[in-house]
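Asks: A structural model of the following input is requested.
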Amino acid sequence: MQKLTERQQQIFDLIRESIASNGMPPTRAEIAQALGFRSPNAAEEHLKALARKGAIELTAGTSRGIRIKPQAPGADMRPTARVPDIPGDLPHPASTQWMLPLVGRVAAGSPILATEHIDAHIGVDPVLFGNERPDYLLKVRGLSMRDIGILEGDLLAVRKATEARDGQIVVARIGDEVTVKRLRLLPGGVELLPENPDFQPIVVGDRDDFALEGIAVGLIRAGLIH
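Replies: As a prediction, the model looks like this:
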């Protein structure tokens, strides 16, 4: 892979820091504002250059469709924050791997890691997830999180948790359904936010059967597992 220029490294680091602190990559406008560009078009040109060098992958038609590749140039250069790599890449087969259960469709009323839900066990490279070891992989269904690059068929790496911070990407159970959304904490409950304008937020009230199943710590792109 080609070496990044100083400006490209700045943008690469900005993307990493945004994912680490906010759970999502920045928009073109946010990159332009942070680095003093006159327009988002300038940011777009730098992003295309980063994509050509193999540092990132761009998802067309989404405002935050930027994926960092773990093998990217400079990916090991003094990061200022841990990057969960959402989405990420498959591990190098020669590296030490974690074997994680792959959860398919979840039946109503059953624990998410019930034996009947586990389709396979998949080896993943620990470097993809920093210090956050996931407990399982969940196959993503639907396009409600499309605009942050979480797509149909992707494998979401999830750490089991019953609590989460405002703004984190979570796996939640509402009644008989399991869903992936961004968590918003409200004074009287919680709201589950999609990242696609075609979908409506889900407001969870006191009387709703709601449970937090886990927090997203990474993603493996659909089609990379055979």
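Asks: Helices of the chain, residue ranges please.
Replies: 6-22, 28-35, 40-52 (DSSP state H).
Asks: Output the ones you listed in a markdown table; the columns should cover distance to Arg221 and mean pLDDT.
Replies: Every residue, glycine included, has its C-beta placed from N, CA and C. Below are the helices of the chain laid out as a markdown table (distance: least, C-beta to C-beta, whole Å; pLDDT from 0 to 100):
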| stretch | distance to Arg221 | mean pLDDT |
| --- | --- | --- |
| helix 6-22 | 15 | 82 |
| helix 28-35 | 22 | 85 |
| helix 40-52 | 14 | 88 |
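Asks: Switch these over to a markdown table; also include mean neighbour count.
Replies: Output for those, formatted as a markdown table (neighbours: other C-beta atoms under 10 Å):
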| stretch | mean neighbour count |
| --- | --- |
| helix 6-22 | 18 |
| helix 28-35 | 17 |
| helix 40-52 | 16 |
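Asks: Quick one: closest of those to Ala164.
Replies: Evaluated over those, closeness to Ala164 peaks at helix 6-22, with 14.0 Å, by C-beta to C-beta.
Asks: re the thing from before, among the helices of the chain, which is nearest Gly123?
Replies: Nearest of the helices of the chain (C-beta to C-beta): helix 6-22, 23.6 Å.
Asks: on that earlier part again, columns distance to Arg207 on top of the helices of the chain, output as a markdown table?
Replies: Formatted as a markdown table, these follow (distance: least, C-beta to C-beta, whole Å):
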| stretch | distance to Arg207 |
| --- | --- |
| helix 6-22 | 31 |
| helix 28-35 | 38 |
| helix 40-52 | 43 |
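Asks: can you tell me which of the ones you listed comes nearest to Val204?
Replies: Between the helices of the chain, helix 6-22 lies closest to Val204; by C-beta to C-beta that is 22.0 Å.
Asks: by contact count, what packs against the closest one?
Replies: helix 28-35, helix 40-52, strand 66-68 (3 or more C-beta pairs under 8 Å, 6 or more residues apart in numbering; DSSP states H and E).
Asks: Out of the ones you listed, which gets nearest to Asp206?
Replies: Among the helices and strands packed on helix 6-22, helix 28-35 sits nearest to Asp206 (C-beta to C-beta), with 35.5 Å.
Asks: circling back: who wins for proximity to Ile220 among the helices of the chain?
Replies: Closest among these, once you apply C-beta to C-beta, is helix 6-22, at 15.5 Å.
Asks: tilt between that closest one and helix 40-52?
Replies: Angle, helix 6-22 to helix 40-52, by axes from the mean of the first three to the mean of the last three C-alpha atoms, to 10 degrees: 90 degrees.
Asks: In CSV, could you pull the C-alpha coordinates for helix 6-22?
Replies: Extracted C-alpha coordinates of helix 6-22, given in CSV (Å, rounded to 0.1, in the frame of the first residue of the first chain):
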residue,chain,number,x,y,z
GLU,A,6,0.5,14.4,5.8
ARG,A,7,-3.0,15.7,4.9
GLN,A,8,-4.3,12.2,4.2
GLN,A,9,-3.0,11.0,7.6
GLN,A,10,-4.8,13.9,9.3
ILE,A,11,-8.1,12.9,7.7
PHE,A,12,-7.4,9.2,8.4
ASP,A,13,-6.8,10.0,12.1
LEU,A,14,-9.9,12.2,12.2
ILE,A,15,-12.0,9.3,11.0
ARG,A,16,-10.5,7.0,13.6
GLU,A,17,-11.1,9.4,16.4
SER,A,18,-14.7,10.1,15.3
ILE,A,19,-15.5,6.4,15.2
ALA,A,20,-13.8,5.8,18.6
SER,A,21,-15.6,8.7,20.4
ASN,A,22,-19.0,8.9,18.5
